[in-house]
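K.L.:
Sharing a sequence plus its predicted fold:
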Amino acid sequence: EVQLVESGGGLVQPGGSLRLSCTVSGFSFSNHWMHWVRQAPGRGLVWLSRINTDGSRTTYLDSVEGRFTISRDNARNTLYLQLNSLTVDDTAVYFCARDSDSGRYFDYWGQGALVTVSS
Amino acid sequence: DIQMTQSPSSLSASIGDRVTITCRASQIVAIYVNWYQQKPGKAPRLLIHSASTLQSGVPSRFSGSGSGTDFTLTISRLQPEDFATYYCQHTYSTPWAFGQGTKVEIK
C-alpha cells in the first residue's frame, strides 16, 4: 500500500523556520518526482515546489523561491521542505504528493501537516 | 504563469442530478489538465488525469473532456458521497496551478 506521511508541522513565530518531512512507503521512492502543495485555511490548493528523482533539479513557485527549499533523501524514503522567513500568510496545511509514473499528475497525497505562523 | 478559472465557484444539486464543472486556462495547455476531489479535512483525491482519463478506482459516473483551453468535469448521476470541493489543475508548465475550486452542496 502506498503511503505518504507528513510530519514536522506546528506553531512558529513570524520570521521563524520549520522543516517538514514526508516519509513514504509502498513504492520505489527514488523513481518518482515529488511535490509540495499547500492550502491556507478555507482556501484553495497552491502548488509550491517539485524535485526530480535524484534531487538534482528543483522548481519553485516564485512567491516562495529563496525562502523554501525542497530536498530528498532516497536512502531514507523521505522528502523535505525547509520553510524559512515565515509570515502569517504561510499558515496552511502542507501536503506532499507523488508524481505519477507517467508524470504530470498527482496520484497519491499525504494527509497534510498544519503550519501555523503566529506571534 | 498560466491561470485556471473554474466555474461555478459553488453549486447546489440533488442526488441523481447531472453536474458539470468547467475550467478555462489562460493559455493553451493541450490535454494537461487533471481533476481532484477534496472533502473537508482530507487530502485531495485524483479523479481524472490528462483531461479525460479516469483514474483507477474512480466510479465511471465521473468523466472529463476538453483540450486546448476549455475543460469540463461531469458527474453523470450525483451520489451522496460526491458532495465535496472539486479542483482542476494544469500541468503544462510550472507553476502547475489549480483552479479556485467548486464546492458541490446538497440542495
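P.N.:
Received it, and whenever you're ready, just let me know what you need.
K.L.:
which residues does B:G64 contact?
P.N.:
B:33, B:35, B:47-48, B:51-54, B:71-74 (CB atoms under 8 Å, 6 or more residues apart in numbering or on different chains). C-betas here are computed from N, CA, C, even on glycine.
K.L.:
Which strand or helix spans it?
P.N.:
Using DSSP states H and E, B:G64 sits within strand B:62-67.
K.L.:
do you know how far B:R77 is from B:G16?
P.N.:
From B:R77 over to B:G16 the distance is 5 Å, taken as CB to CB, to the nearest Å.
K.L.:
the more surrounded of these two?
P.N.:
B:R77 (12 against 9; other CB atoms under 10 Å in any protein chain shown).
K.L.:
Looks like the more buried one contacts B:R18 (just checking).
P.N.:
Yes: using CB atoms under 8 Å, B:R77 is in contact with B:R18, at 6.9 Å.
K.L.:
Show me what the residue lying closest to A:D90 once chain neighbours are set aside bridges to in the sheet.
P.N.:
Nearest residue to A:D90, sequence neighbours excluded (CB to CB, 6 or more residues apart in numbering or on different chains): A:V117, at 5.2 Å. Going by DSSP bridges, A:V117 is paired in beta bridges with A:V12.
K.L.:
residues touching A:V117, list them.
P.N.:
By CB under 8 Å, 6+ apart, the neighbours of A:V117 are A:12-14, A:16, A:86-91.
K.L.:
And the most centrally placed residue in chain A, its phi and psi?
P.N.:
With distances taken as CA atoms, centre = their mean, A:W36 lies nearest the centre of chain A, 3.2 Å away. Main-chain torsions, A:W36, degrees, to the nearest 10: phi -120, psi 140.
K.L.:
State the three-state secondary structure for the closest residue to it other than its chain neighbours.
P.N.:
Spatial nearest neighbour of A:W36, excluding adjacent residues (CB to CB, 6+ apart): A:L48 at 4.4 Å. For A:L48, the assignment made with DSSP: H, G, I helix; E, B strand; the rest coil gives strand.
K.L.:
My guess is A:L48 contacts A:L81. True?
P.N.:
Yes: judged on CB under 8 Å, A:L48 makes contact with A:L81 at a distance of 7.5 Å.
K.L.:
what is in contact with the two at once?
P.N.:
The contact lists of A:L48 and A:L81 share A:36, A:68, A:70, A:94, where a contact means CB under 8 Å, 6+ apart.
K.L.:
quick one: which of the residues you listed is most hemmed in?
P.N.:
Neighbour counts for the shared contacts of A:L48 and A:L81, by other CB under 10 Å, peak at A:W36, which reaches 27 neighbours.
K.L.:
Please name the bridge partners of the spatially most central residue of chain B.
P.N.:
Taking CA atoms, centre = their mean, the centroid of chain B lies closest to B:W35, which sits 3.8 Å from it. Following DSSP bridges, B:W35 is listed with bridge partners B:I48, B:C88.
K.L.:
List the contacts of it.
P.N.:
B:W35 neighbours (CB under 8 Å, 6+ apart): B:23, B:46-49, B:62, B:64, B:73, B:86-89.
K.L.:
Out of these, the closest to chain A would be?
P.N.:
Of all the contacts of B:W35, B:H49 has the smallest distance to chain A: 4.0 Å, by CB to the nearest CB.
K.L.:
Could you check how many residues crowd around the residue nearest to that closest one when sequence neighbours are not counted?
P.N.:
Take B:H49 and drop its neighbours on the chain: the residue closest to it by CB to CB, 6+ apart is A:Y105, 4.0 Å away. By other CB under 10 Å, the residues close to A:Y105 number 23.
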